[in-house]
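Participant: Give me the fold of what follows.
(2 chains)
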Amino acid sequence: MSAATVSNSPSKWLVLPHYAFAAVSFVVLCLLLVFSTDAFGGHYFHPKLLTLTHVAALGWATMIIFGSVYQLLPVVLEVRLYSEKLGTAAFALLSTGTVLLTISFWNFWVGTIMHIAACLLFIAFVLFATNVVQTARQVKKWGIEADFMVTSVVWLVATGLVGVLMVFNFQYPFLPQDHVHYLKLHAHIGMAGWFLLLIVGVGSKLIPMFLLAHPEDNRSLHWSYYLINGGLVLFAADHLFLHTGLYALYAAMVVSGIACFLYFLKQAKGMGKRPDLDLGMKQTFVALTLLILPIVLVFVVTLQLGLPQRLLSALYLVYGLSIFFGFVSALILGQTFKTLPFIVWMHSYEDYVGRFKTPMPKDLYSVTLLRWQNIAYLVGLVGLLAGVLLAEQNIILLGAVLLSVASVLYAGNVFKVLLHKVKDLKPFGYEKAAKGTN
Amino acid sequence: MKTQEQEIVNEAYEALKYIIDPEIGINIVDLGLVYKVTLKEDEEKLHIELTLTTPGCPMSGTITTAAEQMLHKRFPNLDTKVELVWLPPWTPDMISEEGMRQLGNT
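Facilitator: Have a look, this model is predicted:
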């Protein structure tokens, strides 16, 4: 029998600040949405929409992903995190960069502050990528999950690089084509390269684990990896150099890759020994269902269907919103309460387990708040998307208010977990333990 | 003698049932994480082999320490050693009938 090693978990002071910052960002994001209902009537290249997108992508999604990855990377790859100091530095740069970029986009200051913000963010991405790659280099048994995670950080750095170039191009135009051209590249390699690959890599390990399933056949994950990356590389090359415009083909490759991932999860769900899903897992499956929307819309916006310009602009907006406010947000809202309570519980009670009766991780948050959060989120999302599609500001406002309610409930629950204190633990009655009483 | 040895082993399994896997919510014995409990009575040694649901599980230190503390309190006269092992790898098929029932499987 091979003996095991001690836990590879990083310090809570590295992981937890990311959750706190992300929760505050989600509230800020939804409140900014309330004050941006007038921005959804035209093109997506609008200061308020750029602000919303970057708060969602950086302060909310990337922030919580950074924190989760520091915790989950050792679980998925079975090694220690390369450097906690790099992680702390990346947090400081990402948080400062996000705040500065948000202020710059909202006021559309394209000067020094935006330049500094972009550079800070890019350095944060490089530090994070270095940490992930160096951690992965210690892996003894390389799996497809490691491929997904390492490749996702390469796309993150590429996304950041395009972002930096665009920011400097605002003030000192040097790029050969217009901004919207590069914005499409920046957005798609960020969404499919960074978010999607990372979610597939981590999800393919964690979701079966939470379902108590052990799928051994991971061929569909290999297909998923090559199809998503193949589609992205071809898209980027075409967009920059070839200009053939075969975007629907590349989209079809990425979508096929997603389908392979979903097929893997379907197999895992079929094998799972846990028929009663908790709210966190239910919300995760809601998120996966919400993927249908951007999958359909990517073809609608890439195929030349001759749609009226106003409708096409609205569909572009719904496409972007369905990814950030839909799939990505829904997934985070669900998975936060699968990971965060466990992390806090572990750090709070690891010295007490076996000696005292301790609460369980699920006791650290309010299920009622979580239920209402999920309801408010889903109704709010439907309202927001419907309002944008119908160009009805009042419906957009209603959706934004409901999403704000969801964000406040979420943040309340997150801080309830973060501020949890150990108290009044009762010791076990060991002498009676064998008789089944205590 | 053999009967008394078996009794202590059974009591050890029962004591370990007090350790609940925090994510799954059922005890580590019914989850199938405890592979072996052996007692060398002449040496007064209790040896436990247990595993985790995945090798990267952050609970490794917590669960082994908890098992050691639980058994030490339960059997203060025995020298208890808890060893974390990875072979054979744990699979959900190792969950006991009682564990399956607690998970909601009918």
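Participant: Tell me how many other residues surround the residue in chain B that chain A sits nearest to.
Facilitator: Chain A sits closest to residue B:66 of chain B, with a gap of 2.9 Å, by CB to the nearest CB. C-beta here means a position set from N, CA and C on the backbone, and glycine is covered the same way. Neighbourhood size, residue B:66 [other CB atoms under 10 Å in any protein chain shown]: 25.
Participant: who's in contact with it?
Facilitator: A:353, A:354, A:355, B:19 (CB atoms under 8 Å, 6 or more residues apart in numbering or on different chains).
Participant: By neighbours, which of the residues you listed wins?
Facilitator: For the contacts of residue B:66, neighbours tallied by other CB under 10 Å; top is residue A:354, 25 neighbours.
Participant: May I have the phi/psi pair for that one?
Facilitator: The phi and psi values for residue A:354, taken as degrees, to the nearest 10, are phi 90, psi -20.
Participant: how close does it sit to residue A:177?
Facilitator: For residue A:354, the distance to residue A:177 equals 63 Å [CB to CB, to the nearest Å].
Participant: who touches residue 12 in this structure?
Facilitator: Since you didn't name a chain, this refers to chain A. Under the criterion of CB under 8 Å, 6+ apart, the neighbours of residue A:12 are A:343, A:344, A:347.
Participant: that answer is for a different chain, and I need it for chain B
Facilitator: By CB under 8 Å, 6+ apart, residue B:12 lies in contact with B:37, B:39, B:46, B:48, B:71, B:74, B:75.
Participant: Quick check: of those residues, which lies closest to residue A:205?
Facilitator: Closest to residue A:205 out of the contacts of residue B:12 is residue B:48 (27.7 Å), distances taken as CB to CB.
Participant: rewinding a little: pull the most distant pair out of the contacts of residue B:12.
Facilitator: It's B:39 and B:74 that sit farthest apart of those, by CB to CB, at 12.7 Å.
Participant: Please identify which of these two sits among more neighbours.
Facilitator: More crowded of residue B:39 and residue B:74, by other CB under 10 Å: residue B:74, with 23 against 19.
Participant: Around chain B, pick out the residues from the stretch 201-350 of chain A.
Facilitator: A:209-210, A:212-214, A:271-276, A:342, A:345-346, A:349-350 (CB under 8 Å from any CB of the partner chain).
Participant: Can you tell me which of the contacts of residue A:12 is nearest chain B?
Facilitator: Proximity of the contacts of residue A:12 to chain B was ranked by CB to the nearest CB; the top entry is residue A:343 with 8.1 Å.
Participant: Give me the phi and psi for the closest residue to chain B within the stretch 201-350 of chain A.
Facilitator: Of all residues in the stretch 201-350 of chain A, residue A:276 sits closest to chain B, with a separation of 3.8 Å (CB to the nearest CB). Dihedral pair for residue A:276: phi -90, psi 100, per degrees, to the nearest 10.
Participant: Leaving out sequence neighbours, find the closest residue to it.
Facilitator: Closest residue to residue A:276 apart from its sequence neighbours, by CB to CB, 6 or more residues apart in numbering or on different chains: residue B:104 at 3.8 Å.
Participant: residue nearest the centroid of chain B?
Facilitator: residue B:34 (3.6 Å; CA atoms, centre = their mean).
Participant: OK, contacts around that one?
Facilitator: Here residue B:34 is in contact with B:13, B:16, B:28, B:48, B:49, B:50 (CB under 8 Å, 6+ apart).
Participant: Tell me the bridge partners for it.
Facilitator: Beta bridges link residue B:34 to residue B:50, judged by DSSP bridges.
Participant: what does the one 5 residues further on give?
Facilitator: Taking DSSP bridges as the rule, residue B:39 bridges to residue B:46.
Participant: check contacts around it.
Facilitator: Contacts of residue B:39 by CB under 8 Å, 6+ apart are B:5, B:8, B:9, B:12, B:45, B:46, B:47, B:78.
Participant: Which one (most neighbours) among these?
Facilitator: residue B:12 (27 neighbours).
Participant: Make a markdown table from the contacts of residue B:66 and add secondary structure, pLDDT and distance to residue A:392 to it.
Facilitator: Listed next are the contacts of residue B:66 as a markdown table, based on DSSP: H, G, I helix; E, B strand; the rest coil; pLDDT from 0 to 100; distance: CB to CB, whole Å:
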| residue | secondary structure | pLDDT | distance to residue A:392 |
| --- | --- | --- | --- |
| A:353 | strand | 83 | 54 |
| A:354 | coil | 77 | 58 |
| A:355 | coil | 80 | 59 |
| B:19 | coil | 90 | 56 |
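Participant: now the helices: where do they sit in chain B?
Facilitator: B:2-16, B:60-74, B:97-102 (DSSP state H).
Participant: same for the shortest one, what does it pack against?
Facilitator: Looking back up the chat, that one is helix B:97-102. Using 3 or more CB pairs under 8 Å, 6 or more residues apart in numbering or on different chains; DSSP states H and E as the contact test, no helix or strand touches helix B:97-102.
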